[in-house]
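[1] here is my input; please provide its structure:
(chains A and B)
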Amino acid sequence: MSDYKPSDIESKWQQYWDNNKTFKTDDSDRSKPKYYVLDMFPYPSGAGLHVGHPEGYTATDIVARYKRMNGFNVLHPMGWDAFGLPAEQYAVKTGTHPRITTEKNVNGFRRQLKSLGFGYDWDREINTTSPDYFKWTQWIFLQLYSKGLAYQADVAVNWCPELGTVLANEEVIDGKSEVGGFPVIRKPMKQWMLKITEYAERLLTDLDDLDWPESIKEMQRNWIGKSSGANVDFAVKGIDEKISVFTTRPDTLFGATYMVLAPEHELVQKIVDSGKKEEVDAYLKETEKKSDLDRTDLNKNKTGVFTGAYAVNPVTGKDIPIWIADYVLISYGTGAIMAVPGHDERDWEFAQKFDLPIVEVVKGGDVTKAAFTDTADGVAVNSTNDEISLDGLKVDEAKERITLWLSEKGLGEATVTYKLRDWLFSRQRYWGEPFPVIFVDGKPKPLPEDQLPVMLPEVEKYEPSGTGESPLATIEEWVNTTDPETGKPARRETNTMPQWAGSCWYYLRYIDPDYTEGPVSKEKENYWMPVDLYVGGAEHAVLHLLYARFWHKVLYDIGVVSTKEPFQKLVNQGMILGEMEYTLYRGSDGNFLSQDDLESYEGDLTRIKVTAEQLSKKGDGFVINPQNAGRPLTVIHPDGKREEKSDYFTASDLENDLYVEARSYKMSKSRGNVINPDDVVEQYGADALRLYEMFMGPLEQVKPWSMSGVEGVYRFLKRVWRMIVDDRSGNLLPEIADVEAAKAQEKALHEAIKKVTEDIEGFRFNTGISALMIFVNEAMKWEKRPLSVMNDFLLLLSPYAPHLAEELWLKLGNEPSVAHQPWPKYDESKLVDDSKTYAVQVNGKVRGQINVPMDQAKNKDLVLEMAKSEPGVLKYLEGKELVKEIFVPLKIVNLVVKG
RNA sequence: GCGAGAGUGGUGGAAUUGGUAGACACGCUAGAUUUAGGAUCUAGUGCUGCUAAGGCGUGGGGGUUCGAGUCCCCCCUCUCGUACCA
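    Coordinates of the predicted model:
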């Protein structure tokens, strides 16, 4: 071994770390400060890791190694979120038990993660599908149940009669099943719900103290969707019923000219006029067929039907018609609205379409043209009856006045509503956690704790039952059981929990994976929680993070955990896109299309993939360069057929500039731009992959992959090798010597230490790497490379490229491993220069530089004197009047002249 | 529509509080070395000027300042999230 060959050294060190349990977390040591670094654990798919995984995982690995070297007790675990649909779908197709698929995939993932050199404590590996784990998932469900936070309700699911199964939302596309394209309807089924809404306010307010990206917090706030307003009761004419509505604009009550109920509203059948019944039923049937997506159609073409019934506006005393329309959602507010077409866009549109009266009650716009919704400047008008007048009040004042009046009269009250809905917690699937619930005499009954875990039965086939129930419903001997307390016959719950369940609390199990008395022991939980750093993809911004926070708060309330929030700091890694692609489009008429024409073009498009060297920059875009236009390119026909061509363009094609679309796309199998980490490791090694993933750009940012970028960092690693090793003999270079470092060498080292340290602390891994590169570029010029300097450099490198660092560390005669060495400290005094270079500006433009000895650098008179006599500066001063001299110590000199 | 974020060389990206824009890397050009190389080394590389002096440059327009990528106002584009939430 002489050259830098990652394949030779990487597996060796991976084995060393494994054998020596280098990254095992010492749980007993309470003297050190703790640091808990967590990755969002993966779903072990059959496809293996994609390059997005190692991005976040490398970042956390760097932080974990860095913190360890800084004297922290570091917890950095990994596990598997292994329940879920793909393994089940595979089981339906092939008959393979999901457990077998899962195990195989987990082994693949573990091998891949180890091959990247991540320093996980593998003794804490967890798997959501293991009975030791889901026992406690079920246990937590029991706690939720006993707190009254779990209940059953009839909720519409995506039922596909042809497939005889219930589909997840993502399996439904445009109201049809993804598989087969069969119609999907909404069918109510009995389901478990979790009352996350009870925690809405706490989930909202506790966001404030979290060190999370503002965008994520904002998304959660929007999701929770708190709004303040009032509930108002409207009497139904002729029968003894009230319709309660929620409104955020009680000030517009005088303008409520009709009401609308959601089709599912419970009063629909009671109030409908017999003459209208047929029409209403037809409408209800119509809306039932629509999926949620259809109902929120982008064209917003509103539909509805008049019930024939009237309500009474409590302030105007007028009869107002009651309509049914699916633009009102049963799941929000009270499922009914007072419609104020003058001041609500949706109501305005509806009123226009069905010719309902529009009344202006807030002045400022023209309600015949559009709804006026400005709440800042609007003033109430036409809002007076015998008892109350809002006229002249601003919106806020009017709201307050009317709300007070309503509650005095018993007609309404101030109300807060949340968009957040209860969590649908049932899936009609096999491969999930069984509920620890039985039904005795048809009533749900939680199983006692000693019956946990409730195991999944073995089944012959994984096809859905055909009734919409899960495959478990067909296993009679499992479904039929007895109540362990009374001995009565009982049936098991046949739904299973959704995939979110296992991921809601996994961060706790890592802390104490073998604990048998609960999910986690009190003492260890106390030490390790909260998670100090949580890194993962932004796709979990809302659901996973909100669900996990909800469970955590429940566990907090029952004393299982000691912190209000689970994840103190959150960082989202940005998506990695495929390599940049250059595409020229050609219409079916044979003409090439420029970017601007593309959007409006309706016909079939032929895509021509060209390479970067076939292009030249013109203006803001790229055009085909006639000189290289003849080189090979790929033509993709509208039917998807690919064809390799050279000399594709004719001379006349190239007379006009052909602008090309330049962008990179999300990696996808169908596009064929997926990068497999295994291939990168094989070609360039794990260290190069790790380094490249960090060097691409800021962690949080979306960024395109580039293979030549990988080569760039690979070349850097080779340089590091050659900085220390003679690549012909494999021995240490003669330049390496145990000598005292020269001043310049110390300066280079300490600059690197400072930059790398600060950049890891600030999650700026890309610029940290550039600091390492600058050091190596410098050190390669040194005739003597002091051992101590080289050693410190390797420690700086080690979180990024641990295999290479270990190997060279050993070659320099040190004991492995670098992982437990103390992190180098920089010394500010070694960073100072002998002299200060000032840029000298004249009227804000740099015209020269001067070198001032450091001990004189703050001497204003001297520096200005030198600046004014600098030849490059002098010629801009000649013949001009010097009006001002700016001197900022250690920064800049600026001379302002006139004339 | 609403909310959030971002626009810097041919490319990915630097620029910590307003103080020499383009660090580091890719790519490219020229040269050296090598049997060869997607290896290595040296030099160059924002645009525009004949090598020059200079001029112009951080999406566009205005402003504050001795000085603006950075601060303020207006506009444009892109990305992400969200979507009849009363």
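[2] tell me which residue is most central in chain A.
    A:Ala538 (1.0 Å; C-alpha atoms, centre = their mean).
[3] how about that residue, what does it touch?
    Taking C-beta atoms under 8 Å, 6 or more residues apart in numbering, we find A:Ala538 in contact with A:Ile216, A:Asn572, A:Gln573, A:Gly574, A:Met575. (C-beta placed from N, C-alpha, C; glycine too.)
[4] show the subsequent helix or strand relative to the lowest-mean-pLDDT helix or strand in chain A.
    Averaged element by element with mean pLDDT, DSSP states H and E, chain A has its least confident helix or strand at helix A:292-295 (a mean of 56). Sequence-wise, the next helix or strand downstream of helix A:292-295 (DSSP states H and E) is strand A:305-312.
[5] residues of that next one that come out buried?
    A:Val305, A:Phe306, A:Thr307, A:Gly308, A:Ala309, A:Tyr310, A:Ala311 (16 or more other C-beta atoms under 10 Å).
[6] against which helices or strands is the host helix or strand of A:Glu201 packed?
    Using DSSP H and E, A:Glu201 maps to helix A:200-205. Applying 3 or more C-beta pairs under 8 Å, 6 or more residues apart in numbering; DSSP states H and E, we find helix A:200-205 packed against helix A:214-224, strand A:226-236, helix A:543-557.
[7] run the chain-centre distance for the next helix-or-strand element following the longest one.
    For helix A:543-557, the following helix or strand on the C-terminal side (DSSP H and E) is strand A:570-573. For strand A:570-573, the distance from its own C-alpha centre to the chain's C-alpha centre is 8 Å (C-alpha atoms, centre = their mean, to the nearest Å).
[8] likewise stretch A:845-854?
    48 Å.
[9] how about A:Val312, what does it touch?
    A:Phe234, A:Ala235, A:Val236, A:Lys237, A:Lys318, A:Asp319, A:Ile320.
[10] for it, name its beta-bridge partners.
    A:Ala235, A:Asp319 (DSSP bridges).
[11] and the gap between it and A:Pro6?
    80 Å (C-beta to C-beta, to the nearest Å).
[12] kindly report the same for A:Glu162.
    53 Å.
[13] more neighbours: those two, which one.
    Neighbour count, other C-beta atoms under 10 Å: between A:Glu162 and A:Pro6, A:Pro6 has more, with 24 against 12.
[14] that one contacts A:Gln683, doesn't it?
    No. Under the criterion of C-beta atoms under 8 Å, A:Pro6 makes no contact with A:Gln683, lying 9.2 Å away.
[15] quick one: contacts for the nearest residue to A:Phe354 once chain neighbours are set aside?
    When the adjacent residues along the chain are set aside, A:Phe354 lies closest to A:Gly304, with 6.6 Å between them (C-beta to C-beta, 6 or more residues apart in numbering). Counting by C-beta under 8 Å, 6+ apart, A:Gly304 touches A:Val260, A:Tyr283, A:Trp323, A:Ile324, A:Ala325, A:Asp326, A:Tyr327, A:Phe350, A:Phe354.
[16] redo that, cut-off 10 Å
    With contact taken as C-beta atoms under 10 Å, 6 or more residues apart in numbering, A:Gly304 is in contact with A:258, A:260-261, A:263, A:283, A:287, A:323-328, A:350, A:353-354, A:356.
[17] ok, it to A:Thr287 distance?
    From A:Gly304 over to A:Thr287 (counting by C-beta to C-beta), the distance is 10 Å.
[18] tell me, what's touching these two both at once?
    A:Pro263, A:Ile324, A:Ala325, A:Asp326.
[19] how much space between A:Pro489 and RNA strand B?
    Distance of A:Pro489 to RNA strand B, given as C-beta to the nearest atom of the strand, to the nearest Å: 42 Å.
[20] domains in chain A, by residue range?
    A:27-129+A:503-575, A:226-417, A:581-663, A:677-830, A:834-898 (automatic domain parsing).
[21] bridging residues for the nearest residue to A:Glu735 once chain neighbours are set aside?
    In space, and not counting its chain neighbours, A:Glu735 is closest to A:Arg785: 4.7 Å by C-beta to C-beta, 6+ apart. Assessed by DSSP bridges, A:Arg785 has beta-bridge partners A:Ile736.
[22] so how many other residues sit close to A:Arg785?
    Neighbour tally, A:Arg785, other C-beta under 10 Å: 21.
[23] contact partners for it?
    Contacts of A:Arg785 by C-beta under 10 Å, 6+ apart are A:723-724, A:732-737, A:739, A:741, A:745, A:779, A:793.
[24] for A:Glu885, the count of nearby residues, please.
    14.
[25] sorry, back to before: most neighbours among the contacts of A:Ala538, which one?
    Neighbour max across the contacts of A:Ala538 (other C-beta under 10 Å) = A:Gln573, 26 neighbours.
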